[in-house]
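Participant: Take a look and give me a structure for this.
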Amino acid sequence: MKYARITFFLLLSAITTSLFAQPGLPGQEVEVIKIFEAQLAESVKIAVQPELPPVDTSISKQSYDVPQKSIDVDYPAPRIKPVTFKSDEEIADIYKAYFKLGGGFPKSIYGEGAYNTLIKMADKSMLDVGLNAFHHQADFSNSSVENQRFGLTKVGGKGTYYANQGFALTGNLGYTSNRVSYYGYNFDRFSSLENIDKEAVKQTFGIFDLGAKIFNGVQTAGDLNYSAGFDFYAMGDDFAANETGFDLKLKATKWIREKHSFDLGLRTDFTNFKVLGVTQTLNNFWLSPSFTFHGDAIKIKAGAHLISSNDEYLPFPDVEVVVNLTGNELAFFTGLDGGLEKNTFRSLATYNPFINTQLPDGTIRNTKYFNFYAGLKGNLKMFEYMIQGGYKPTNELAMYLFRYTDDNPDIYDFDVVYNDVNIINIRASLKANVLKNLSFTGVLSQNFYDYNTNIQRKVWHLPALDANFMAVYTTSDNKLRAKAQLNLSDAVTANDRGGVNRWTQLNGLYDVSVGAEYWFVKKFGAFLEVNNLLNNKRQRWIFYPTYGINVLGGITARF
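Facilitator: Just a heads-up that it's a prediction; the model follows:
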């Protein structure tokens, strides 16, 4: 405040001094004529024309130094999904259950059924379950033929579980009962047997099957397909013969660039047969590596089968080349492979149900073979065809000799014998869609045998020619399906009562059959089959002629 007061008095003193220092001012009064009004003069707009600066046409070279840096990006490969498209054709109805029941002449009963369903679960996993049953029996016995009858029954189920993690599990269970009769004594010209009880000549093969497998249900990220599973069976008959088999299979396939594949298979196949206190075993071990190259017009497979059986190690080739000469119309193929084929109680009885099942020691054995083949195949719009020729040297090929013994005259059966046989084979197949609703298929196979006559005099009961032709007509509304079929087979060589020093040529097979199935409504229909119209009584096995003309009909249903 002190300094503010001093400053105020100094400023007042300076103003007073200035006033008294200006003498001579007029002292008269001043008259104001007009109040002063300040105005700005009107501005003049100056026109300015803008101009662009001259273009710089000089080029300057710039250099940049950008340091490199790697960035790891976790990017799963996309999966290609098929694109749906609309079709002009109507989608067929899907049914879960199918049944077929009927009978015929001579006295026969027929029935089959199947049920399948797909269960989708909340976690997106799925369960596919299927059940099936089949039964067919017929009795052709009459006043001149005793015990000519058969019966076949099959029941089973299969289920597959597809987990949302990508793997799948499948399992199957089944039972088969195959009943036949040794009715051959009716046709042996030297036989005086008659009025034999049907139980004395009855044979029943019972087979229990069990299997399971795990595999990849979807494509894996590494394009690796895998599977591991087993098949087990137990088989017995009415004459105390029993056999068990266990087959373990492991397989992996690695895809390279989504078209080439490397395959590796491992298999262990165990068989145990027992009859009359004698046990026979036959165990095979397989290691099968191969690589397949797929080019634009060529496929090459190179591999091998390394097999061990009863302490013997055997290598076999697995090679094939396919060349597309003109695309799908014409392709040439050739290959060389080989392996071991087991002759077990099950396989022998399936081929010839009239064998003597009291198989002596050494009967269960392997057939070793090599197979050289070459041919042509293709697809010509309406026709799909294949023709090939092959040479197959075979060691220990199974064949069947008629057996007659005085100690058991009621049973007419066959022994299993083996021989080394070289086989030249010509095979052809044709599939054609002749018309829109008419299709035709045909398969023909001709064998030429060269065998060791020092072991067996003939190729007993093995046919050289087999042919099958079938035509199927289906109406546009799918209500009617009709078929006609022709089966041909040449005569086989069989030994007579004189043993291997006497043989005969049995008659050939000419079997014409027709059949039809008609649906009255979507879920109910009927079927009719007439088999062996020519009433051919060909003896596939000596003294065992096939069944003559027979008729089978009934109803069908689906839900």
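Participant: Would you indicate which residues of stretch 388-404 are buried?
Facilitator: For stretch 388-404, a neighbour-count test (16 or more other CB atoms under 10 Å) marks 388, 390-392, 394-404 as buried. The way it works is simple: take the backbone N, C-alpha and C, and place the C-beta from them, glycine included.
Participant: low-confidence ranges in the stretch 401-550 of the chain?
Facilitator: For the stretch 401-550 of the chain, the stretches flagged by pLDDT under 70 are 405-408, 498-500.
Participant: ok, now the stretch 101-250 of the chain?
Facilitator: In the stretch 101-250 of the chain there are no weaker segments when pLDDT under 70 is taken as the threshold.
Participant: from the buried residues of stretch 388-404, which single one is nearest His135?
Facilitator: Tyr400 (28.0 Å; CB to CB).
Participant: which ones are touching the closest one?
Facilitator: By CB atoms under 8 Å, 6 or more residues apart in numbering, the residues touching Tyr400 are Asn352, Ile355, Phe414, Asp415, Val416, Val417, Trp460, His461, Trp541.
Participant: Wasn't it part of a helix?
Facilitator: No: under DSSP: H, G, I helix; E, B strand; the rest coil, Tyr400 sits outside any helix and is assigned strand.
Participant: is it in a bridge, and if so with what?
Facilitator: Val416 (DSSP bridges).
Participant: Please look at Lys154 and Phe205 and confirm they touch.
Facilitator: No: counting by CB atoms under 8 Å, Lys154 does not reach Phe205; the two are 11.9 Å apart.
Participant: more neighbours, those two?
Facilitator: Legend: neighbour count by other CB atoms under 10 Å for Lys154 and Phe205, higher for Phe205 (21 against 17).
Participant: residues contacting the more buried one?
Facilitator: Neighbour list for Phe205: Thr176, Ser177, Asn178, Arg179, Met235, Gly236, Asp237, Ala349, Pro353 [criterion: CB under 8 Å, 6+ apart].
Participant: Out of these, give me the one that has the most neighbours.
Facilitator: Result: Ala349 is most packed of the contacts of Phe205 (other CB under 10 Å), 23 neighbours.
Participant: host element of that residue?
Facilitator: Element membership for Ala349, per DSSP states H and E: helix 345-351.
Participant: and that helix, average pLDDT?
Facilitator: The pLDDT scores in helix 345-351 average 97.
Participant: Tell me how many other residues crowd Asp296.
Facilitator: When neighbours are defined as other CB under 10 Å, Asp296 has 5 of them.
Participant: How about Gly295?
Facilitator: Counted with other CB under 10 Å, residues neighbouring Gly295 total 12.
Participant: okay, it: pLDDT?
Facilitator: pLDDT, Gly295: 93.
Participant: And the one 3 residues further on, by the same measure?
Facilitator: According to the per-residue confidence, Ile298 scores 95 in pLDDT.
Participant: phi, psi of it?
Facilitator: For Ile298, the backbone dihedrals are phi -150, psi 150 (criterion: degrees, to the nearest 10).
Participant: I'd like the distance between it and Glu320.
Facilitator: 11 Å (CB to CB, to the nearest Å).
Participant: quick one: which of those two has more around it?
Facilitator: The neighbour comparison of Ile298 against Glu320 (other CB under 10 Å) goes to Glu320, with 18 against 13.
Participant: how deep is the residue nearest to Thr493 when sequence neighbours are not counted tucked in, by neighbour count?
Facilitator: Counting by CB to CB, 6 or more residues apart in numbering, Lys458 is the residue found nearest to Thr493 once chain neighbours are left out, at 4.5 Å. By other CB under 10 Å, 19 other residues sit near Lys458.
Participant: do the same with Glu146
Facilitator: Around Glu146 there are 19 residues (other CB under 10 Å).
Participant: ditto for the one 10 residues further on
Facilitator: Residue crowding around Gly156 was assessed by other CB under 10 Å; the count is 15.
Participant: Keeping just the C-alphas, turn the helix or strand harbouring it into PDB.
Facilitator: Assessed by DSSP H and E, Gly156 sits inside strand 149-162. Extracted in PDB, the C-alpha atoms of strand 149-162 (Å, rounded to 0.1, in the frame of the first residue of the first chain):
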ATOM      1  CA  ARG A 149     -33.800-131.000 -48.700                       C
ATOM      2  CA  PHE A 150     -32.000-128.000 -47.300                       C
ATOM      3  CA  GLY A 151     -32.400-125.200 -44.900                       C
ATOM      4  CA  LEU A 152     -30.500-121.900 -44.500                       C
ATOM      5  CA  THR A 153     -31.000-119.400 -41.600                       C
ATOM      6  CA  LYS A 154     -29.000-116.200 -40.900                       C
ATOM      7  CA  VAL A 155     -29.500-113.600 -38.200                       C
ATOM      8  CA  GLY A 156     -27.300-110.700 -37.400                       C
ATOM      9  CA  GLY A 157     -26.800-107.100 -36.500                       C
ATOM     10  CA  LYS A 158     -24.300-104.300 -37.100                       C
ATOM     11  CA  GLY A 159     -23.800-100.900 -35.500                       C
ATOM     12  CA  THR A 160     -21.500 -98.000 -36.200                       C
ATOM     13  CA  TYR A 161     -20.900 -95.100 -33.800                       C
ATOM     14  CA  TYR A 162     -19.500 -91.900 -35.300                       C
END
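Participant: roughly how far out does that strand sit from the chain middle?
Facilitator: 18 Å (CA atoms, centre = their mean, to the nearest Å).
Participant: chain center to the helix or strand following that strand, what's the gap?
Facilitator: Next along the chain after strand 149-162, taking DSSP H and E as the criterion, comes strand 167-181. Here strand 167-181 is found 18 Å from its chain centre; the criterion is CA atoms, centre = their mean.
Participant: Tell me which helix or strand comes right after strand 167-181.
Facilitator: Reading on from strand 167-181 to the C-terminus, the next helix or strand found by DSSP H and E is strand 202-216.
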